[in-house]
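Engineer: Next come a sequence and a model predicted from it.
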Amino acid sequence: MVAEWSVRRCGLKGASSGAAVAGYALTNLAQSVAIEGLARQTSMPFKRLWQLAQQEQPVPPRRLILHGEFLQLVGDTILRENERTRQYEDIGTDLGVSVAFESWSSRS
């Protein structure tokens, strides 16, 4: 069986602040029928895809789910931090204070 996964573009207030990630993982030993279907779907030569599939170790479905949940957690954390930084910048602008995050962070 071949599992397909993806992470879509993330953004806040219309601004892009994320990236798309997509891929395939084998959830059991490669079977030629599944690899043939994937080759058609991706327009990749079957022979090359079959060679690659034979080199890969299967990933249990539960592990794929855990990896996806972890990626979502990391992405959500980055987006929240990005939004918090924008809020601080907006507050600083409203108060007439220059937020010099870059110069402050370069001292670390």
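Structural biologist: Looks like it came in fine.
Engineer: Could you list the buried residues of whatever helix or strand residue 64 lives in?
Structural biologist: Using DSSP states H and E, residue 64 maps to helix 61-94. By neighbour count on 16 or more other Cβ atoms under 10 Å, the buried set for helix 61-94 is 75, 82. Bear in mind the C-beta positions are built from the backbone N, C-alpha and C, glycine included.
Engineer: From the contact counts, what lies against that helix?
Structural biologist: Packing partners of helix 61-94 (3 or more Cβ pairs under 8 Å, 6 or more residues apart in numbering; DSSP states H and E): strand 2-7, strand 11-12.
Engineer: Considering those strands, which stretch scores lowest in mean pLDDT?
Structural biologist: Of all the helices and strands packed on helix 61-94, the minimum mean pLDDT falls on strand 2-7 (a mean of 51).
Engineer: Which of the three states applies to residue 24?
Structural biologist: Using DSSP: H, G, I helix; E, B strand; the rest coil, the structure places residue 24 in strand.
Engineer: whoops, residue 44 was the one
Structural biologist: Following three-state DSSP, we place residue 44 in the coil state.
Engineer: Read off the pLDDT value for it.
Structural biologist: Listed pLDDT for residue 44 reads 90.
Engineer: how much space between it and residue 87?
Structural biologist: Note on residue 44: its distance to residue 87, by Cβ to Cβ, to the nearest Å, is 45 Å.
Engineer: same check, this time on residue 62
Structural biologist: Counting by Cβ to Cβ - residue 62 and residue 87 are separated by 37 Å.
Engineer: pLDDT below threshold where in the protein?
Structural biologist: Scanning the chain for pLDDT under 70 picks out the ranges 1-22, 97-108.
Engineer: please redo it, this time with the cut-off set to 50
Structural biologist: Applying pLDDT under 50 to the chain picks out residues 1.
Engineer: Which secondary structure element is home to residue 48?
Structural biologist: Element membership for residue 48 (DSSP H and E) is helix 46-55.
Engineer: Name the residues that touch that helix?
Structural biologist: Outside helix 46-55, the residues that touch it by Cβ atoms under 8 Å, 6 or more residues apart in numbering are 26, 30, 32, 35, 36, 38, 39, 42.
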